[in-house]
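**Q** coords below, sequence missing:
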């Protein structure tokens, strides 16, 4: 029997599914074809455009723009003066230009060496054009700070950057109006003229530099206070500079307190332990027109590397002896590898410029702070400009200062760590100051290595306990778990290096690398030991004040108890007991200090203890009478104490409890 097969006809639903599937496949194929045909475009950005688009790399972000502008201008001015050992005179101004549009005009003038007139446009407007790309300590790191100011002014305003420059190598002063071509990283010179002996001249000294520009930015109170802190802390770490700051709140001056300046940093050769292929090739290129061997290049291009040492390096590299420019990269990398595994002498520190003890001590013993005066009335139009100032300067003078220094090597680069401490006097609270290459660091303190050091060095280095500090220096307004922050103490850390290990591109906090923290802790421990005697002395004074306060609290009770039993003059009796208490406390202090006597002022500021330990005697019958009356009032049935020379106050200890 034959079976007949018949085809099943497609339903309407099946036809629709097949059409949709075909349509989907076609769309996918079209997309794949478009992707295959698409070409990736490679664009090149100018340096100026890159930094403007990524302004956070230079710290110019949000509310920090004006703070960074003030910072960069002051740092450039100080570097310009210190390069030629010139005592800095710097004036900086920050005032509102158009409040409705958040426009500010900022200017800075210094008496530094100036910039040659043919270099001014590139130095102000062209990114990665700087005189700071050498091996020595400088405040600047990338050489882009001034260019960022010029670029932001060009980006946000139509005002030109106005520059006056009088170079030490030129007799005339030149004036420029500039803009930055952000797309090409080239300066646009709108005008240039010689302003020597004209009314447009701004520089009265033999040399100097001045810049004015307009920036668009907001200035909240927090940023304004940071600007004030930056300027005041700059005057602390640079006490040889005369700084003048003017704003809409007034004009203040930070006077020069010393004429001694740090030794200028000198350019040095790189250390062979830092050698890489690029550094070696660059060293060879410096002798490109000279017939010189690789041994000669090494001994003349790197420090701590003699001719014999260079010969040993070449021998270990197993390369042929020939002219230096004839080596290929494969041969040169062998030289680099040998240097990485070879021991050299420690690098010298001629390229570093620490503050040193004399200058740093001058700064921290006359610490400038800016005080905002909010009580000045604005309705008195007859006031002089000085009286209308909302900001004023105040100098804090501590009771004790000390200094310590360490030198170490971090990442094959020498580093000098300086630490100062100021205690007591006008200082009423704790504060940590951080500096790097004479630059104050104000942001990101919590992540800085200095904060870690302060937290890890124990307070017992001062010879006191946490309990004593909490009892004697307790302040309900200070919310902290760190005992050291209860003390009236200012700690100053200054790090000198050609490569500061910043945590961020904004240069506001320092990372802990190598043995850096170890040496910082050693410096701080030294200072704690140096101030321990003064702190123990003050703790003794505070304890004396507390006992006096306690004893004087009980005197009226004793006088009342005695007067109830006998007819005596209360005032005379009270005066007698007060004198007795003072002598008693003085006697205890004298015996506790092992005959070391010092003056201590009373808490009521009426009497001062003299430098003697006078003995005194009290008649037994008077002491016995007063003690009996006190016991009757307190319902205490104890036998009288009739020991010769014992006073009424001997019956109480420091906490006010009766001794058995």
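**A** All right, it came through fine. No experiment lies behind these values; they were computed from the predicted model shown. Residues are numbered from 1 along each chain as shown.
**Q** what ranges do the helices span in the stretch 1-150 of the chain?
**A** Ranges of helices in the stretch 1-150 of the chain, per DSSP state H, counting those that start in this stretch, are 12-37, 47-53, 65-82, 120-125, 145-156.
**Q** how about low-confidence regions in the chain?
**A** 1-27, 29-39, 132-136, 140-142, 374-388, 476-477, 586-660 (pLDDT under 70).
**Q** again, 50 this time
**A** Counting by pLDDT under 50, the low-confidence segments of the chain come to 1-3, 5-8, 14-17, 377-386, 590-631, 633-660.
**Q** Using the record's assignment, carve it into domains.
**A** 2-44, 51-219, 272-340, 380-526, 532-659 (automatic domain parsing).
**Q** Same list (those) but as CSV, adding mean neighbour count and distance to residue 247.
**A** Where C-beta positions appear, they are placed from N, C-alpha and C, glycine not excepted. Converted to CSV, the domains of the chain look like this (neighbours: other CB atoms under 10 Å; distance: least, CB to CB, whole Å):
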stretch, mean neighbour count, distance to residue 247
domain 2-44, 8, 41
domain 51-219, 19, 5
domain 272-340, 16, 44
domain 380-526, 17, 7
domain 532-659, 14, 38
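**Q** what's the closest of those domains to residue 266?
**A** Ranking those by their distance to residue 266 (criterion: CB to CB) puts domain 51-219 first, at 6.1 Å.
**Q** now for the closest one, what's the gap between its first and last residues?
**A** Counting by CA to CA, to the nearest Å, you get 22 Å between the two ends of domain 51-219.
**Q** I'd like the numbering to begin with 410 instead of 1 from here.
**A** Okay, residue one is now 410; in that scheme the one you just asked about reads as domain 460-628.
**Q** give the contact list for residue 759.
**A** Applying CB atoms under 8 Å, 6 or more residues apart in numbering, we find residue 759 in contact with 674, 675, 677.
**Q** Dump those to CSV, plus distance to residue 467, neighbour count and secondary structure.
**A** Converted to CSV, these look like this (distance: CB to CB, whole Å; neighbours: other CB atoms under 10 Å; DSSP: H, G, I helix; E, B strand; the rest coil):
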residue, distance to residue 467, neighbour count, secondary structure
674, 23, 23, coil
675, 27, 14, coil
677, 27, 18, coil
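**Q** can you tell me which of those lies nearest to residue 801?
**A** For the contacts of residue 759, the nearest to residue 801 is residue 674 (34.9 Å; CB to CB).
**Q** State the helix or strand in which the residue nearest the centre of the chain lies.
**A** What sits nearest the mean C-alpha location of the chain, by CA atoms, centre = their mean, is residue 843, with 2.7 Å. Per DSSP states H and E, residue 843 falls inside strand 840-845.
**Q** could you check the distance from the nearest residue to residue 986 once chain neighbours are set aside over to residue 978?
**A** Spatial nearest neighbour of residue 986, chain neighbours left out: residue 964 (4.8 Å); criterion: CB to CB, 6 or more residues apart in numbering. To residue 978, residue 964 is 14 Å away according to CB to CB, to the nearest Å.
**Q** Residue 642 - that's part of a helix, no?
**A** Yes. Remark: residue 642 belongs to a helix, assigned using DSSP: H, G, I helix; E, B strand; the rest coil.
**Q** re earlier: may I have the strands that pair with the strand holding residue 843, each with its orientation?
**A** strand 848-849 (antiparallel), strand 898-905 (parallel) (DSSP bridges).
**Q** Tell me which of those lies nearest to residue 773.
**A** strand 898-905 (6.0 Å).
**Q** Distance from the chain centre to that closest one, please.
**A** Using CA atoms, centre = their mean, to the nearest Å, the mean C-alpha position of strand 898-905 is found 8 Å from that of the whole chain.
**Q** residues making contact with it?
**A** 546, 645-646, 761-764, 769, 773, 776, 807, 824-832, 836, 839-847, 859, 862-863, 919, 929, 933, 936.
**Q** and the helix or strand where residue 619 lies, how far from the chain's centre?
**A** Using DSSP H and E, residue 619 maps to strand 617-625. Centroid displacement of strand 617-625 relative to its chain, using CA atoms, centre = their mean, is 25 Å.
**Q** can you check stretch 950-959 too?
**A** Worked out by CA atoms, centre = their mean, stretch 950-959 lies 38 Å from the chain centre.
**Q** Quick check: end-to-end length of stretch 666-677?
**A** 31 Å.
**Q** Okay, buried residues for it please.
**A** 666, 670, 671, 674, 677 (16 or more other CB atoms under 10 Å).
**Q** how many neighbours does the residue nearest to the third one when sequence neighbours are not counted have?
**A** So the one you mean is residue 671. Distances taken as CB to CB, 6+ apart put residue 762 closest to residue 671, at 4.8 Å, once the chain neighbours are dropped. Using other CB atoms under 10 Å, the number of residues around residue 762 comes to 21.
**Q** just so I have it, where are all the helices in the stretch 860-1009 of the chain?
**A** Remark: helices assigned in the stretch 860-1009 of the chain by DSSP H, counting those that start in this stretch are 875-881, 925-974, 979-1001.
**Q** what's the strand holding residue 619 packed up against?
**A** helix 474-491, strand 512-519, helix 554-565, strand 570-575 (3 or more CB pairs under 8 Å, 6 or more residues apart in numbering; DSSP states H and E).
**Q** And the contacts of it?
**A** Applying CB under 8 Å, 6+ apart, the external contacts of strand 617-625 come out as 474-475, 478, 482, 486, 489, 506, 510-521, 523-524, 533, 555, 558-559, 561-562, 565-566, 568, 570-575, 611-612.
**Q** For that strand, which strands pair with it and how are they oriented?
**A** With DSSP bridges as the test, strand 617-625 pairs up with strand 512-519 (antiparallel), strand 570-575 (antiparallel).
**Q** Tell me who's in contact with the residue nearest to residue 659 when sequence neighbours are not counted.
**A** Distances taken as CB to CB, 6+ apart put residue 798 closest to residue 659, at 3.0 Å, once the chain neighbours are dropped. Residue 798 makes contact with 658, 659, 660, 661, 782, 785 under the criterion CB under 8 Å, 6+ apart.
**Q** filter those residues to the buried ones?
**A** By 16+ other CB under 10 Å, the contacts of residue 798 give 658, 659, 661 as buried.
**Q** can you redo those residues as CSV with secondary structure and distance to residue 903?
**A** What follows is those, written out as CSV (DSSP: H, G, I helix; E, B strand; the rest coil; distance: CB to CB, whole Å):
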residue, secondary structure, distance to residue 903
658, coil, 29
659, strand, 30
661, strand, 24
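**Q** Format those as TSV; extra columns: distance to residue 708.
**A** Listed next are the buried ones among the contacts of residue 798 as TSV, based on distance: CB to CB, whole Å:
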residue	distance to residue 708
658	59
659	59
661	54
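**Q** Identify, from those, the entry nearest to residue 496.
**A** Minimum distance to residue 496 across those is 19.4 Å, recorded for residue 661 (CB to CB).
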